[in-house]
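[1] Sequence and predicted structure below; questions after.
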Amino acid sequence: MAAGAATERRAWHQAYLFFSTLAGVLGLAMAGLGLWLAVLGGTLYYLLAGLVLLAATVFSWRGEHRISLLLYAAGFAGTVVWSLMEIAGKGWLPAWGIDLAGRIGLLGGLIAAVALSYLMWRIPPGKPLRRFGLFSLLGAAVAVAALVLIYWERVEAAGPARQLAVADGSPGNSQAEAGADWRAYGGTAGGRRYSSLNQISVTNVAGLEEAWTFQTGDLNPNEGRVFYSSQNTPIKAEDFLYICTPTNKVFALDPGSGEVRWSYDPGVPHTSMESLFSAACRAVAYHDDGEPAGRPEAIDHMPAVEGAIGAVPRGGSECHRRIYVSTADGRLIALDAVGGFLCEDFGEGGTVDMTAGMGLRAPGFASNTSGATVAGGLLILGQQVSDNQRRDAPSGVVRAYDARTGELRWAWDALRPDPQALLAPGEIYPRGTPNVWNVISADESLGLAFLATGNAAADQWGGNRLAEEDRVTDAVIAVDLETGAERWVYSTITHDLWDYDLGAQPVLVDVTIEGVARRAILQASKTGNLFLLDALTGEPLRPVESRPTPQGPPPGDWVAPTQPQSVFFPNIGGVPGRDPEQIDARHAFGLTPVDAALCRISFHRHRYEGMFTPPTPEGEGMLLFPGTVGGLNWGGVGYDPDRRLIIANNSRLPNRVVLHPRDEVSDLPVGSGGARPDQAIAPHAGTPFGVTRPIWWSPLKVPCISPPWGYITAISLDTGEIVWTRPLGTGFDTGPLGIPTFLKIPTGTPNLGGPLVTAGGLTFIGAAQDNFLRAFETETGKLVWEARLPAGPQAGPMTYEHEGRQYVAVSATGHARFETTPGDYLKVYALPDAR
């Protein structure tokens with residue numbers, strides 16, 4: 001018995017020395033990194049804490065255990081105090097507990113293991129009550145931690161959001177809204193992402209259940225070279241629901257059952273999608289000329305279209321209701337909305353060649369991924385142009401085609417003063433001009449279309465841009481619907497070197513300013529600014545200040561001395577607040593002290609002086625925050641005209657931007673034999689530098705910035721105040737090294753895809769990096785319903801009514817660039833059918 005007790009005590013002694021040694025190894029790493037950090041001018045904490053751990057370990061091995069344990073306790077207590085001071089200094093962000101856990105978790109666990117093994121070694125086996133008490137204390141601590149975790153996961157995730165103000169609830173809405181139908185990406189050409197349907201409401205949404213599921217079969221066979229992300233918001237018109245896929249396949253479905261009415265495959269080659277950041281089809285477009293639609297049964301006797309899926313007819317000229325899809329290889333295709341056949345009186349046999357006049361050099365270098373906007377009998381389309389390939393990239397031209405014939409009616413471009421002038425034989429549209437890759441808005445009552453532009457080609461260096469290009473960079477531009485002539489221009493960035501293009505669709509809203517009713521454009525930006533502009537004049541209706549910006553441009557370039565800052569509305573580029581968030585070293589994050597120290601070192605080695613820090617070829621480059629996805633991106637914002645609330649979701653994720661001198665760049669650009677998937681450095685040809693822009697990751701592939709990494713926020717249109725804000729998304733389907741945590745702790749995640757706002761008082765949104773569709777109470781931000789999805793919902797949901805029943809639909813196809821779960825699903829939900 002005595003021999004057994006002695007063996008047990010030796011084992012606990014060895015465990016004590018083992019854990020003490022691990023603590024010493026951690027201390028050595030912290031001291032080494034802390035010395036590096038101190039040399040860079042950073043905090044002394046890591047150096048001092050590492051030395052304390054090393055000293056404690058030495059005393060353990062020397063047998064001076066009381067001194068060792070006192071040092072361990074002092075080191076842990078000092079870490080807790082330092083951590084709380086830093087977290088408080090940042091303003092107690094909603095996910096501060098995750099920050100604290102990363103700072104003290106590993107260290108506390110090791111010290112606890114040292115203390116437990118020491119006490120088990122020192123308490124003889126013959127003292128069972130003491131050992132029982134020790135384990136009871138340990139069990140109680142674990143139970144408390146588990147209860148805190150459960151509270152955070154269930155109560156904080158579902159409870160009311162942080163409410164900061166109250167909306168004034170002013171009534172007023174003079175625009176038609178989406179209702180039984182949802183005929184455009186944003187519901188209507190006004191882009192509000194709002195529906196007047198209210199059958200599904202706050203009081204009954206808990207009963208929402210899956211009505212049906214459809215799978216397109218469009219899964220990526222070429223991963224690594226093409227990045228799928230359908231981003232599709234379905235549209236619903238009359239008795240059909242229409243969706244499109246990453247390869248631009250179109251499906252017409254029965255809105256009540258998901259049964260396929262017809263389908264069409266344009267046969268887009270994968271090589272045409274290699275230049276795309278993401279292979280996407282945000283929406284198809286719908287046009288009704290007012291004439292009676294053809295009979296669906298008439299298609300049974302028509303020959304099938306080559307490459308189409310199933311029995312799709314050959315075509316006809318009597319297409320009165322049409323669906324239009326734009327493809328990655330530069331085609332604009334018109335299909336009969338009822339029968340699915342090609343409308344042969346449109347363009348050439350149903351197709352318009354959008355590569356005409358573009359001088360692409362390579363398939364897919366420029367194409368439309370957002371879909372056409374239908375207004376005034378026109379189809380208006382911009383295009384994505386593959387980023388950072390070459391200064392002489394394809395043009396950013398925006399074109400309008402006759403919806404019946406496909407005839408080109410006008411073409412707006414920064415360097416073409418007459419949008420109705422025809423190209424001369426062999427002429428192409430001006431190269432490299434600012435493009436419109438997002439969804440275009442229009443107001444037929446005003447006779448205007450609203451374009452939200454990006455910057456001229458070559459994102460991070462603009463030394464050879466023309467003044468006329470800068471004039472329309474990152475701008476909202478109103479053009480005449482009939483002629484394409486400019487009516488006004490409002491630029492949100494002067495000489496953009498940060499890729500802060502306007503990805504969000506302009507939103508038409510009605511406001512009263514000083515007693516005068518005004519039609520306005522609400523424009524959200526990657527910088528987190530919300531600009532409110534008079535739709536007729538472009539005049540800012542709410543204050544915008546010119547604020548000084550950091551100087552020191554890259555060689556051969558220049559930086560504007562000031563940039564516009566919207567000051568009436570909060571900034572939602574980072575943590576939503578009155579001013580743009582500016583981070584410092586305290587915001588560096590890690591799941592352990594080691595990766596946290598490495599992120600701090602990285603922060604000090606990069607240039608960072610706020611949102612408009614100029615790119616630099618020096619050192620490690622600069623930190624871009626908000627990062628390349630924003631702020632706000634293509635998902636746009638939702639607007640509830642009854643509650644007068646703007647609903648906006650944003651990411652909070654920096655990038656590292658590094659300029660590489662030309663002699664270090666060997667990668668060829670698209671159009672000169674290069675291919676985007678093969679490039680280690682984006683060539684940026686025609687400038688002195690190539691560029692890389694990786695996410696600011698820790699070694700564990702966790703953002704180097706402390707959470708939350710994404711938010712959803714409600715803002716009063718009339719007062720500019722935040723009504724509520726909360727983190728959006730959890731780590732349930734992602735985590736360190738991409739390993740899911742399966743925890744619903746609301747850390748917030750980077751997110752892509754906008755909200756759906758309904759008259760039922762609900763905001764539906766997917767967007768986050770976890771596979772959930774959520775519904776929040778629009779007035780309070782309370783989570784009232786969620787559905788588990790089979791793939792990532794990086795797309796905007798929509799709603800419609802069919803045979804008296806309201807449905808909510810969302811694409812769940814994943815986003816390869818976001819590394820979310822891939823799939824090919826359309827998920828549709830409704831309340832139980834009472835019939």
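    Received the coordinates, thanks. Numbering: from 1, shown residues only.
[2] How is this protein divided into domains?
    According to automatic domain parsing, the chain is divided into the following domains: 2-163, 247-280+284-369.
[3] now those in TSV, with mean neighbour count?
    The C-beta positions use only the backbone N, C-alpha and C, and glycine is treated the same way. As requested, the domains of the chain are exported to TSV (neighbours: other C-beta atoms under 10 Å):
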stretch	mean neighbour count
domain 2-163	16
domain 247-280+284-369	20
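[4] can you put those in a markdown table and add distance to D218?
    Shown next, in a markdown table, are these (distance: least, C-beta to C-beta, whole Å):
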| stretch | distance to D218 |
| --- | --- |
| domain 2-163 | 33 |
| domain 247-280+284-369 | 6 |
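[5] Could you point out which of the ones you listed sits nearest F625?
    For F625, the closest of those is domain 2-163, at 14.1 Å, according to C-beta to C-beta.
[6] Might you calculate how far the closest one sits from the centre of the chain?
    37 Å (C-alpha atoms, centre = their mean, to the nearest Å).
[7] so for that domain, what's the average pLDDT?
    If you average the pLDDT over domain 2-163, you get 83.
[8] nearest to G590, of the domains of the chain?
    domain 2-163 (5.5 Å).
[9] helix/strand/coil for the most centrally placed residue in the chain?
    Most central in the chain under C-alpha atoms, centre = their mean is L752, positioned 2.8 Å from the mean C-alpha point. Under DSSP: H, G, I helix; E, B strand; the rest coil, L752 falls in the coil class.
[10] ok, and the closest non-adjacent residue to it?
    Once flanking residues are discounted, L752 sits nearest to Q794: 4.7 Å by C-beta to C-beta, 6 or more residues apart in numbering.
[11] from memory the one you found sits against F818, does it?
    Yes: Q794 lies in contact with F818 (C-beta atoms under 8 Å); the separation is 6.2 Å.
[12] neighbour-wise, which of those two wins?
    Taking neighbours as other C-beta atoms under 10 Å, Q794 and F818 compare with Q794 leading, 30 against 20.
[13] and that one, what does it touch?
    S229, Q231, N751, L752, G753, G766, A767, T813, G814, H815, F818, T820 (C-beta atoms under 8 Å, 6 or more residues apart in numbering).
[14] which stretch of helix or strand covers it?
    Per DSSP states H and E: Q794 is located in neither a helix nor a strand.
[15] What separation do you get for it and R817?
    9 Å (C-beta to C-beta, to the nearest Å).
[16] Show me whatever sits in contact with both of these two.
    Common neighbours of Q794 and R817 (criterion: C-beta under 8 Å, 6+ apart): S229.
[17] Now do the strands in the stretch 201-350 of the chain.
    Applying DSSP state E, counting those that start in this stretch to the stretch 201-350 of the chain gives strands spanning 209-215, 235-237, 240-244, 250-253, 260-264, 285-288, 321-326, 331-336.
[18] Tabulate those strands in JSON lines, adding columns for mean pLDDT and distance to P564.
    Shown next, in JSON lines, are the strands of the stretch 201-350 of the chain (pLDDT from 0 to 100; distance: least, C-beta to C-beta, whole Å):
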{"stretch": "strand 209-215", "mean pLDDT": "98", "distance to P564": "44"}
{"stretch": "strand 235-237", "mean pLDDT": "98", "distance to P564": "34"}
{"stretch": "strand 240-244", "mean pLDDT": "98", "distance to P564": "36"}
{"stretch": "strand 250-253", "mean pLDDT": "98", "distance to P564": "40"}
{"stretch": "strand 260-264", "mean pLDDT": "98", "distance to P564": "44"}
{"stretch": "strand 285-288", "mean pLDDT": "97", "distance to P564": "32"}
{"stretch": "strand 321-326", "mean pLDDT": "98", "distance to P564": "32"}
{"stretch": "strand 331-336", "mean pLDDT": "98", "distance to P564": "35"}
